[in-house]
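Enquirer: Okay, structure incoming, though there's no sequence with it:
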């Protein structure tokens, strides 16, 4: 099966600019996640979708970050305006079902550099 | 809230030898899953192995095995017969049932395999 697809692979922007990342989960996976991974740290959950509804966005900086999952398939994460501290790898993941025995499948990530 | 601790920031291991990566966790939920992921320098997160809190036997997956000590709240990963391709970051993660599929990661351990 095809894995989780993410684009772009790399992005460099200046602070105060906007940027968008795209994710297409594994076909049939109902749950989609966006994680932020700052260099040298473990990934941190930003937002979780179940189909096209938000399950958890408690750690999403909503003043500058937004995400949507129209039609319950692919998803877009946007940052506007970007800050220097947003430099990180943004990982998208999906899982087929809800459950504590279901591993998440990750994409290759988008490496964002804000200058 | 759940917490994962990986106390080894980095480790060297000789090729063909075994290495143990430490992971301790904290959760009040009796039902949870423990996961190990590998992250090579290319950035993708690769699922390695899963252990459920009610599993009686330690999980094994090829050269990967999990030393699960529930009373001590530890879930150490053992990689046997290390290969050069095992050089990567390794993350331990926990998913309590009550957390609604929110996977929490530790800080990671970097493994470098020496020829």
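Expert: Structure's in. What do you need? Just so we're clear, the structure is a prediction, and the values are computed from it rather than from any experiment.

Enquirer: Identify the residues contacting residue A:80.
Expert: A:18, A:19, A:64, A:66 (CB atoms under 8 Å, 6 or more residues apart in numbering or on different chains). For the C-beta atoms, the positions are set from N, CA and C on the backbone; glycine is no exception.

Enquirer: Can you flag the buried ones in those residues?
Expert: Buried residues within the contacts of residue A:80, counting neighbours by 16 or more other CB atoms under 10 Å in any protein chain shown: A:19, A:66.

Enquirer: from the contacts of residue A:80, which is closest to chain B?
Expert: The shortest approach to chain B among the contacts of residue A:80 belongs to residue A:19, at 17.3 Å (CB to the nearest CB).

Enquirer: and that closest one, what does it touch?
Expert: Counting by CB under 8 Å, 6+ apart, residue A:19 has contacts A:11, A:13, A:78, A:79, A:80, A:82, A:112.

Enquirer: Could you give the backbone dihedrals for the fourth one?
Expert: Yep, that's residue A:79 we're talking about. phi -130, psi 130 (degrees, to the nearest 10).

Enquirer: what's the neighbour count on it?
Expert: Look at residue A:79: counted by other CB atoms under 10 Å in any protein chain shown, it has 22 neighbours.

Enquirer: I'd like to know the beta-bridge partner residues of the residue nearest to residue B:65 when sequence neighbours are not counted.
Expert: Leaving aside its sequence neighbours, residue B:65 sits nearest to residue B:78 (CB to CB, 6 or more residues apart in numbering or on different chains; 4.7 Å). Counting by DSSP bridges, residue B:78 is bridged to residue B:20, residue B:65.

Enquirer: just checking, residue B:78 touches residue B:61?
Expert: No. Contact between residue B:78 and residue B:61 fails when scored by CB atoms under 8 Å: they sit 11.0 Å apart.

Enquirer: picking up where we left off before, tell me the two of the contacts of residue A:80 that are most distant?
Expert: A:19 and A:66 (11.6 Å; CB to CB).

Enquirer: List the residues that are in contact with both of those two.
Expert: A:78, A:80.

Enquirer: Disregarding residues adjacent in the polypeptide, which is nearest to residue 14?
Expert: With no chain named, the answer covers chain A. Closest to residue A:14 by CB to CB, 6+ apart is residue A:115, at 5.5 Å.

Enquirer: that's the wrong chain, I wanted chain B
Expert: Nearest to residue B:14 is residue B:114, by CB to CB, 6+ apart, at 5.5 Å.

Enquirer: Thought residue B:17 was touching that neighbour, still the case?
Expert: No. At 9.4 Å, residue B:114 does not count as touching residue B:17 under the criterion of CB under 8 Å.

Enquirer: What about residue A:84, how many residues nearby?
Expert: Residue A:84, neighbours per other CB under 10 Å, totals 10.

Enquirer: can you pull the contacts of it?
Expert: Counted by CB under 8 Å, 6+ apart, residue A:84 has contacts A:15, A:114, A:115.

Enquirer: I only care about these that end up buried; give me the ChimeraX line for that.
Expert: Under the burial definition 16+ other CB under 10 Å, those of these that qualify are selected in ChimeraX by:
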select /A:114
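
Enquirer: How far does stretch B:81-98 sit from its chain's centre?
Expert: Centroid separation for stretch B:81-98 versus its chain: 4 Å, with CA atoms, centre = their mean, to the nearest Å.

Enquirer: Please list the residues of chain B that sit near chain A.
Expert: B:4, B:31-33, B:35, B:37, B:42-47, B:50, B:52, B:91, B:93, B:95-97, B:99-108 (CB under 8 Å from any CB of the partner chain).

Enquirer: do that again at 7 Å, thanks
Expert: Chain B has residues B:31-33, B:35, B:43-45, B:47, B:50, B:52, B:91, B:95-97, B:100-103, B:105-108 near chain A, with proximity defined as CB under 7 Å from any CB of the partner chain.
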